[in-house]
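> got a predicted structure plus its sequence, pasted below:
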2 protein chains.
Amino acid sequence: MINIRDVAESAEVSIATVSRVLNGNETVAPVLAERVRQAASVLGYRPNGIARNMRRQQTQVWALIITDVTNPFFTSVARGVEDVAQENDYSVVLCNSDEIIEKETQYLKVAQQERAAGVILTPRYSHADVSRLTASGIPLVVIDRKFDTPVDSVRADSFEGARRATQHLLDNGWTQPACITGPVDSDIALERLAGYRAAVSDAGIPAVFSHVAFHAEGGGHSLSELLESGQPVDSLFVANSMLALEVSEELKRRELVAGKDLGMVAYDDAPWTRLLTPSISVIAQPAYEIGAQAARLLVERIAGLAPATPRTIVLDTTLIQRDSSVRAVTSVGNRKSGRRRSSDGLSERAVARGDRLTS
Amino acid sequence: MINIRDVAESAEVSIATVSRVLNGNETVAPVLAERVRQAASVLGYRPNGIARNMRRQQTQVWALIITDVTNPFFTSVARGVEDVAQENDYSVVLCNSDEIIEKETQYLKVAQQERAAGVILTPRYSHADVSRLTASGIPLVVIDRKFDTPVDSVRADSFEGARRATQHLLDNGWTQPACITGPVDSDIALERLAGYRAAVSDAGIPAVFSHVAFHAEGGGHSLSELLESGQPVDSLFVANSMLALEVSEELKRRELVAGKDLGMVAYDDAPWTRLLTPSISVIAQPAYEIGAQAARLLVERIAGLAPATPRTIVLDTTLIQRDSSVRAVTSVGNRKSGRRRSSDGLSERAVARGDRLTS
DNA sequence: GTGAAAGCGCTAACAA
DNA sequence: TTGTTAGCGCTTTCAC
C-alpha cells in the first residue's frame, strides 16, 4: 500500500505538506498543492483511515444500535439518522441487537473499542450500563425508550399513543378492548400497557391483557388464548407492528374480520397495514423524525455545542384511522347475517382512509 | 483513558507482557498473568481497538452493503451474514446504498479506508468498480446479483425464478401475464424480465411489460398504465416485493381482487404477502441462506483458505403457491356476478397454503 | 519467559 | 509557508 511518505517523496515535499493538502488546509502554495495532488493521483494513494483514527483517537463513524432490523419502525429511524449523518460527514453503521442484552452489550463494547464518534442506542432495558461509553467520552443518544442514565434522548409518547388507541376503540363503540403487548421485562411494552390501562380504567372497564415474547409467533398464540379464555373481548390494541403481523395472521386463520368480528388498532404504521382488507388503524410514530432528531442531538453533542444537561425530546404520535377500528355492523356477534360483504362498504369509508388525526 | 502502559506499571511488568496476557498468549507465567489481569480489572482498562487495528493494519469488522434496508429480502440476508460473522468473531456493519451509485461508492471507499476485514456487496451495476478494494487486498463477496469482475458470489437464480413464476400463471389458466419489473438499467430487473419473456415466448404469447424506478410509487402507476393501455392483460408477474406492495395498493384502490380479477405472482416472500386477502403467491429466495453462504465464503477467503478461482454459488428459488395465482372463477370478467364472496372460498384452499413446491 | 524497542501511517505542535 | 519531529496505543520481533 502506498502511504503518505511515498506521496511526499514523489512530490518532493514533506509529509506534513501532503497531509495539509489532503486535509484541505489552505496554507499551502498552489504549486505544491497541485504537485501533491498529481503525485497522489498517479500513485493511486488512498489515505489510511485507521492511522488517522489512531492519531485523532476518533472515527467519523456512528454506531446505530437497534433491536430489530426487520421492524419497519427501526428502518425508518435508520433512514432519518443516515440522512442527517451524511449531511455532517459521518457514516452510520447499523447494529442489530435482536432485543438480546448480550448482543447489545457486545455492540456497545465494539463501539467503545473502535472509538465510534457517537452512538445512538435503543436500549433493551432502561437500566442498561453505558458507563464504558461515557467513561470514554463517547456521546450517546438514546431513542425510542426511557432510560435511567441521564443522556440525550428522543422518543414518541408511548403512554399517550396507547391511551389514545384504546380510547379510539371505545369511541367507536367497542365495549371490551384487550391489549397484546411485549414481554413483561420490556419497559416500552409496560408503558403501552399502562396507556391502555389508563383508558379502560377511565371507562370503568376491566383490563384484559397479555404479554408476549418478541418474535416467536407470540402474537398468534396470545390472541388464541384471549379468545379461548372466555373473556368477553371484542377488540384489540396491539402494541407493535410485529405482533400485529402475527395477530393478523391468526385472525385470518380463524376467519375473523377486523372491524367486524373484532375491533383492532395496532402500534406503528407498517407499510402492509393499509393493504389488508380491512385495513388496520394504527398509531403512527414519527419514526424518520425520531432518527433525524437523535442525529441532530448527536451532532451537537459531538461538537460540544450541547448544554451540559441532557435534553429529552418527546414527539407526538398520530392516530391513522382505517377500517379495522370502525364497526362495520351495529350489533356484535352478528357476522353470520345475510349482510352484503364488508368490502363493498369499504369504498364509502375510503374517503376518510389515511386521515391523520394529529394529537 | 487508561492505556496498556498504565496497566504495565500497575502490574509491574512490561507492556509486552500485558499485551501477551490480554491476547491469550500462553507463554506467560501464571503469576504475572494474574497480576496483569488484576491490574487491568482494577484500573478498568479497555484495550484501544483503533491502536490494535493500526498495528495489524486490519479490523475485525465486515461491511455489508445492501441496496435497501426496508426490503425484507435484504434484512433476512443480513441476519444470515450476522449469524455466521458472530461465530467467527467478526462484527457486521450494515450500509444502506439505496440503489444510489454514489452512496455505494462512498461506502466502498469507507470500507477501504477503514480497512474492513471483508466486504459483502449488493452491487447496483454489474460493472461496479471495486478496484480499490482488490488493490488493498480486502476480500469481497458479491451477493444477489451478477457481477463482471470475477469474485466470490452468491445469488439465487432470478431468470429461472421469473420463468417459473410466469409459467405458474400460465399453468393456472391465465392467458396473458404481464411483467412489472425494476428499472431498465438494473441487471437483476432485466434478468427477471428475461425469465418472464422466456416463459411467455415459449407459450407463443406476446410479452407485455413495464419498467419501474425503485421506490417512488412506481408499482401503482405502472399497473394503472398497463390496465389503461387496453392491452388484454389478465395477470401479473411482479419482480420484487417492494413493487408488489405498491401494486397491491393500487389493486385495492381499484377494488380488483387478485386471483379473481387478475392473477398475480410476486418475487420474494415478504411477511405481509400471506396476510392479504387473497394471499399472494410468491417466488421465495433463500435469503438467510444467501447471507450465510456469502459469509462463509468470506471467512474462508479472509483466512486464505479459498481457492484462487472465485466461486459462484447459485441457489434455487421456491414457488409458494397461495391464492393470488389460482383462478377463483371459471370465466374472466365475471366479478359482478352473484357469486358468494371470494373469501368464503379461501378456506378450502387454505390447506394448500404455504406448500412449498421446491425446484 | 520476559523486556526493550521498533514501528504501523498519520496529524499537529513547533521550528525555521 | 514549509519542514521536522513527536507521538497516538498497540503488537511483535529480537535480545536476553
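Thanks, I have the structure now.
> make it CA atoms for all contacts and neighbour counts henceforth
OK.
> any residues of the stretch 251-359 of chain A in contact with chain B? List them.
For the stretch 251-359 of chain A, the residues in contact with chain B (Cα under 8 Å from any Cα of the partner chain) are A:K252, A:W272, A:R274, A:L275, A:L276, A:T277, A:R341.
> buried subset of the residues you listed?
Among those, those scoring as buried are A:K252, A:W272, A:R274, A:L275, A:L276, A:T277 (criterion: 16 or more other Cα atoms under 10 Å in any protein chain shown).
> picking up where we left off before, which of the residues of the stretch 251-359 of chain A next to chain B lies closest to B:S210?
Taking Cα to Cα as the measure, B:S210 lies nearest A:L275 of these, at 22.5 Å.
> report pLDDT for the closest one.
What the model reports as pLDDT for A:L275 is 94.
> and the two most separated of the residues of the stretch 251-359 of chain A next to chain B?
Farthest pair in those (Cα to Cα) is A:W272 and A:R341. Separation: 22.0 Å.
> residue ranges of the helices in chain A, please?
Assigned by DSSP state H, the helices in chain A fall at A:4-11, A:15-22, A:30-43, A:49-56, A:72-87, A:101-113, A:131-135, A:158-171, A:187-202, A:218-228, A:241-253, A:287-303, A:342-350.
> point out the most buried one among these.
The highest mean neighbour count among the helices of chain A, using mean count of other Cα atoms under 10 Å in any protein chain shown, belongs to helix A:158-171: a mean of 23.
> show me what that helix is packed up against.
Applying 3 or more Cα pairs under 8 Å, 6 or more residues apart in numbering or on different chains; DSSP states H and E, we find helix A:158-171 packed against strand A:177-181, helix A:187-202, strand A:235-238, strand A:263-267, strand A:281-284, strand A:318-320.
> what about the shortest one, distance to the chain center?
What it means is strand A:318-320. 17 Å (Cα atoms, centre = their mean, to the nearest Å).
> and what of the third one?
Going by Cα atoms, centre = their mean, the spacing between the C-alpha centre of strand A:235-238 and its chain's C-alpha centre is 21 Å.
> same check, this time on stretch A:257-273
20 Å.
> A:V257 reaches A:S279, doesn't it?
No: counting by Cα atoms under 8 Å, A:V257 sits too far from A:S279 to count as a contact (10.3 Å).
> return the residues in contact with the residue in chain A positioned nearest to DNA strand C.
Proximity of chain A to DNA strand C (Cα to the nearest atom of the strand) peaks at A:I4, 3.1 Å away. Taking Cα atoms under 8 Å, 6 or more residues apart in numbering or on different chains, we find A:I4 in contact with A:I15, A:V18, A:S19, A:Y45, A:P47.
> any idea how far the residue nearest to A:R322 when sequence neighbours are not counted lies from chain B?
Of all residues not flanking A:R322 in the chain, A:S281 sits nearest, at 4.4 Å (Cα to Cα, 6 or more residues apart in numbering or on different chains). Per Cα to the nearest Cα, to the nearest Å, A:S281 is found 15 Å from chain B.
> what is the neighbour count of A:S281?
A count of nearby residues for A:S281, using other Cα atoms under 10 Å in any protein chain shown, gives 30.
> now do A:S325
Other residues close to A:S325 by other Cα under 10 Å number 31.
> do you know how far it is from A:S279?
Noted for A:S325: a distance of 9 Å to A:S279, by Cα to Cα, to the nearest Å.
> and of the residues of the stretch 251-359 of chain A next to chain B, the nearest to B:E102?
Of those, the one sitting nearest to B:E102 (Cα to Cα) turns out to be A:W272, at 29.9 Å.
> which non-adjacent residue is nearest the closest one?
Closest residue to A:W272 apart from its sequence neighbours, by Cα to Cα, 6+ apart: B:W272 at 6.1 Å.
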